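> Predicted model and sequence below, questions to follow.
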Amino acid sequence: MRVVVVTYSPGASLSTFLTSLAAATTAPYAVVLADNGSVDGAPEAAAGPGVTLLRTGGNLGYGRAANAGAAGADTDWLVVANPDVEWQPGSLDELLAAAERWPRAGCLGPAIRTPDGQLYPSARAFPSLGRGIGHALCGWWWPGNPWTRSYRAESGRPVEGPAGWLSGSCMLLRREAFEQVGGFDPSYFMYAEDMDLCRRLGEAGWSNVYVPSAVVTHTGGHATSRVAKEMLAEHHRALYRYLSRQYAGPRYALLRPLLAAGLLLRYLLARGVKSVGEGAAPTRSADVLEP
């Protein structure tokens, strides 16, 4: 199994990732650090037996770096993850066991805890116009609104099974499926590349499976917080890129400018109101994962 970690000055979080990974699986693995131009020395310090440092040549973005890290792999499974993920003991083995139960799973994702003990909504439906508009308008001030809850599947006890798309912060990928769809779309620099990948996997006949019995903790935002304004703009660009492709063609010729205008207005509002850019907070404690 190859574990691809996209790094960009990850600091001490990378050491925590690697240490916790060792307790997350009994399967053999090799780590590739796809480094997008770190300047803190952390990837160099981590490199050694079983951990290869791959310099991408610059800040290529998440998907392109992950593709570079996965290139040439001959293993059945790929893990793509952020360096600020901490694995719970046995969590990767849980994902691998679930993959045996779901032979058409192209992507499997764990339950993701936040550092303050909330359950991050990492398994979501694909955004429809109704859910997307309701979520965008209401999520930042009313996290429990029905559109956000529907989009983020935040009702009932989490169960293992197919989802629309899974968070790219930590995913187990069947290499055959990943290569069949061409990996991550390199036109996405950051954000929505996971949603796009999962959609293409589904269109190719694979499923995306949420595995809440596998648990990781994701600190989040280490790299993006350093360039918050740029990442806010990139987030909205990525959303428009994704939605405009879903609503392509003459039939939606009038809709696409409306989408662009709506996302522009949301971006401008988010620049002045921090909570808009942060989006809807998680609404459930991670205690809901307990049997």
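Perfect, thanks for sending it.

> tell me the contacts of the closest residue in space to residue 46 that isn't next to it in sequence?
In space, and not counting its chain neighbours, residue 46 is closest to residue 14: 5.4 Å by CB to CB, 6 or more residues apart in numbering. Quick note: C-beta positions are derived from backbone N, CA and C, even for glycine. Residues in contact with residue 14, defined by CB atoms under 8 Å, 6 or more residues apart in numbering, are 5, 7, 33, 42-43, 46, 83.

> mind checking how far residue 14 is from residue 255?
To residue 255, residue 14 is 43 Å away according to CB to CB, to the nearest Å.

> The stretch 1-150 of the chain: strands as residue ranges?
2-7, 30-35, 51-55, 77-81, 85-87, 105-113, 119-120, 123-124 (DSSP state E, counting those that start in this stretch).

> Which positions in stretch 126-146 come out as buried?
With burial defined by 16 or more other CB atoms under 10 Å, the residues of stretch 126-146 counted as buried are 126-127, 131-132, 134-136, 138-140, 143, 145.

> now the residues you listed as TSV including distance to residue 53 and pLDDT?
Shown next, in TSV, are the buried residues of stretch 126-146 (distance: CB to CB, whole Å; pLDDT from 0 to 100):
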residue	distance to residue 53	pLDDT
126	36	92
127	36	86
131	41	86
132	39	84
134	44	87
135	39	89
136	39	85
138	44	87
139	38	88
140	39	86
143	39	89
145	44	89
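
> Among the strands of the stretch 1-150 of the chain, single out whichever gets nearest to residue 285.
strand 119-120 (6.6 Å; CB to CB).

> which stretches of the stretch 151-291 of the chain aren't confidently modelled?
Low-confidence segments of the stretch 151-291 of the chain (pLDDT under 70): 221-227, 291.

> Please enumerate the strands of the stretch 151-291 of the chain.
For the stretch 151-291 of the chain, the strands defined by DSSP E, counting those that start in this stretch cover 161-163, 165-166, 170-174, 207-218.

> distance between the second one and the chain's centre?
When you say that, I think you mean strand 165-166. 7 Å (CA atoms, centre = their mean, to the nearest Å).
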